[in-house]
Structure formats: structure tokens, C-alpha cells
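Participant: coordinates for the following, if possible.
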Amino acid sequence: MTENLFDIKIGYATPKNPVAIASMAGITDSSFTRRFQKAGLIVLGGYNLDERTNEAARKEIARGRKEFVSDKPFEFFEKELEATEGLTTIAVNVRASTAEPFVQAARIAKEHGAILEINAHCRQPEMLELGTGEALLRNIPRLCEYIKEIKKTGAVLSVKTRANVVDDVELAKAVEKAGADIIHIDAMGSDGMDPRVIKRVRNSTGLFIIGNNSVVDFESAKEMFSHGADMVSLARAVLSSPQVIDHLVDEVIAFQSMTGWYNAPKHICAGGDLRALAFCCPPVKPCALHGALKKIGISAEEFVKMKIDFAKKTVLEPGDGTCFGNMTWCCKITKPCFLRDTVLTSTRLSDVEYMRIKKKMSEHILKQRKIEG
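Facilitator: Residues are numbered from 1 along each chain as shown. Predicted structure coming up:
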């Protein structure tokens, strides 16, 4: 049974696993996505909600692009939600030239238990001319006004962005403050995936992060997860290899079952995000830990006391024979260590429970931060 294996909750949305299909204009409608029922999230769209965006889409079609066009966009929108009822968690990626169509779509989405996703990602010139798509990244006040109006409906809201267009951290902080629940980041770099963007956003916000770009298998998904993504999304990969979703879901389920923390970060010294403070040794020598503590305004002494006090309330306190005599300082379970594993065996603590406690420790540490990372 895997229903509660991941325990992912975003408002009223409860995806069954952290694998998503991202929207692809003119492709990801209800009929296309029905074959991917194992996905934890399917993002339909992008759908156009008003006459101006539909007309822009017609122009794109005329020059050879695929797009969804409807003369009755809200009837189409609701029929698509009805057609995917019970399939899995659904989000709908949408574009509009003013706030009201977004708000109307949000009301419908909420009625169907779906997530609404603002498209701040499309870079087609016809959409940019309307001030929608990627143009919203360059007009953050407008984007945030849309978010505030949409959130009045109570809908769970995602914002799909493209990395390295504007300051990604400032963008993420702004959409979080405006009320967005999710940031869906196309982590596009000059040479493909840029997971460092995910890390910077993870260190700076509490948003649910979906990492997108070049995810084609478990290894590329782990790269996103280990930098702070809560979920990964695939797009073009499902066109060339439709079975990739099923394979990836199976592998993530197996990894979670074995480790208990599917998106555990890399160690700080290996470039991990701030959640990895749970795996750090005491700050007794020059290392990357000091820089991480400085980012969150916690002294070395405070850090040591914090971890020791936390361990006293858990089964991590034993650790005779480990490097520092306490498992609070031990590394992630996927890094081989016979000293740690000997204590785990003697205390009958499973790998999964060990990592779950480490995850709670990371959350505890970051709640004590004095400044944003």
C-alpha cells in the first residue's frame, strides 16, 4: 500500500506521489493524460481563458505551433476537469490578459478539487505582447495582484516560471508573500537543467517546489529532489517514452520505502540545501557548515545546542562508537557508514525511521532561523 507513503498535502490537494506531468500547449488535454494515471499530478493546458489569449493562440497555430483554442473557454475548462475526475490530482495551467478570467477559473478549479496554475512561463511573442506568460516575470506587481485576487477564492495556486529570466529568489519570495502555494520552476540553464535555482528557492521560501527541465529518469529526478524539489515534472520525455512516468513512479516509491525521505538533500559539503544541516557534524573545523549557519543567522554554539537538545527527545541520542558519540551528527542513510549502522542495528532503529527523524530535525532547525537563507 502506497496511499500515505509520501504524505504530500498542499491545501486541499493530496498528490499520491511526487511525479507530475507538466503542461504542454496543444498536447496535454484530458484525452492525452488519461494514459498516465500513476502520476501524482497531471497539469492540463495551457488553456487560454479570454478572447485575446485565444486569438494569440490562433496566430501561433497559423505559424505551425500547437495550441488549445476555444470560443467558450470556461465551458471547455470545466468539461476538461469533469473528464479527468478521479484520475489523479489535477492542475490546470492557464493564460489570460486580465485578472478576472483567472479568478473565474480558480472558482471552477476549486469546485473540482483541482489546482490552478498561472502560466508565467510561455515565451511566444503573441502572448508576451499581451503581458501574459513570461511577461509576468518582468511585471511582478501585476503577477502578485493576480495571485492575491485568485487566492480570495480559496483555490490552491501554482505559478509556473522559467528560471534565469529575473532574480529567481526575489520572484519566489514575492509570489509566496502574495499567497501562492506552489512554484513550478522550469530550471532552465545555459546547458540544460540548473538545479542550483531549486536550491536557492528552497533556501529562501517555504513554497512547495515542483522542479521541471530535463527530468527523464530517476537519476535526473534525484538531482532535482536533492536540491530541494518537493515534486518533479516531466514534459517532452513522456512524448518520446510514455512509459517513463510509470517507471519513475515505481522507482520513487521504492526509494521512499527504503529511505523514508525521497527528497533528502545532498550534504552541505556536497552542495546541499539548508535542510542538510540535519546531517552535519559539529562545527569544529573550517567547512561549508559555517557559511550555511551564517546564512540563517545561527551561531556554531547555538547549532550544537539545538541539535543536542533535539536528540534528547528522540532515539538519536545513543551513539557510542560513532564519530561524535551521538547519532544526531550522523550522515544520510544512503552514505555508507558502518559506525552509524552498527548503532542503528543495536538500537533496532530502521533506516526509514532514522531518516524520518532527520527530516523532523531539519524542519526544527530551519524554524529557528533568524534570517532568510
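
Participant: which element is Arg196 on?
Facilitator: Per DSSP states H and E, Arg196 falls inside helix 195-204.

Participant: averaged pLDDT, that helix. What do you get?
Facilitator: For helix 195-204, mean pLDDT is 97.

Participant: average pLDDT for stretch 114-123?
Facilitator: Rounded mean pLDDT across stretch 114-123 is 98.

Participant: quick one: end-to-end length of that stretch, please.
Facilitator: 25 Å (CA to CA, to the nearest Å).

Participant: same question, stretch 25-38
Facilitator: 22 Å.

Participant: how about it: buried residues?
Facilitator: 25-30, 32-33, 36, 38 (16 or more other CB atoms under 10 Å). In this view, the C-beta of every residue, glycine as well, is placed from N, C-alpha and C.

Participant: how about stretch 361-373?
Facilitator: 361-362, 364-366, 369, 373.

Participant: name the nearest of these relative to Gly271.
Facilitator: Nearest to Gly271, judged by CB to CB, of these is Gly373 at 13.9 Å.

Participant: identify the farthest-apart pair in the buried residues of stretch 361-373.
Facilitator: Across these, the longest distance by CB to CB is 16.6 Å; it joins Met361 and Gly373.

Participant: verify the stated contact: Phe324 with Cys280.
Facilitator: No - contact between Phe324 and Cys280 fails when scored by CB atoms under 8 Å: they sit 10.6 Å apart.

Participant: looking at those two, which one has more neighbours?
Facilitator: Neighbour count, other CB atoms under 10 Å: between Phe324 and Cys280, Cys280 has more, with 22 against 13.

Participant: what about the more buried one, distance to Cys331?
Facilitator: According to CB to CB, to the nearest Å, Cys280 stands 9 Å off from Cys331.

Participant: before we move on, what about Glu223?
Facilitator: Where Cys331 is concerned, Glu223 sits at a distance of 19 Å (CB to CB).

Participant: sheet partners, orientation included, of the next helix or strand after the helix holding Arg196?
Facilitator: The first helix or strand that comes after helix 195-204 along the chain, using DSSP H and E, is strand 208-212. If you go by DSSP bridges, strand 208-212 pairs up with strand 182-186 (parallel), strand 231-234 (parallel).

Participant: which other residues reach strand 208-212?
Facilitator: For strand 208-212, contacts defined as CB atoms under 8 Å, 6 or more residues apart in numbering pick out 10, 20, 22, 41, 158, 181-187, 195, 198, 201-202, 224-225, 227-235.
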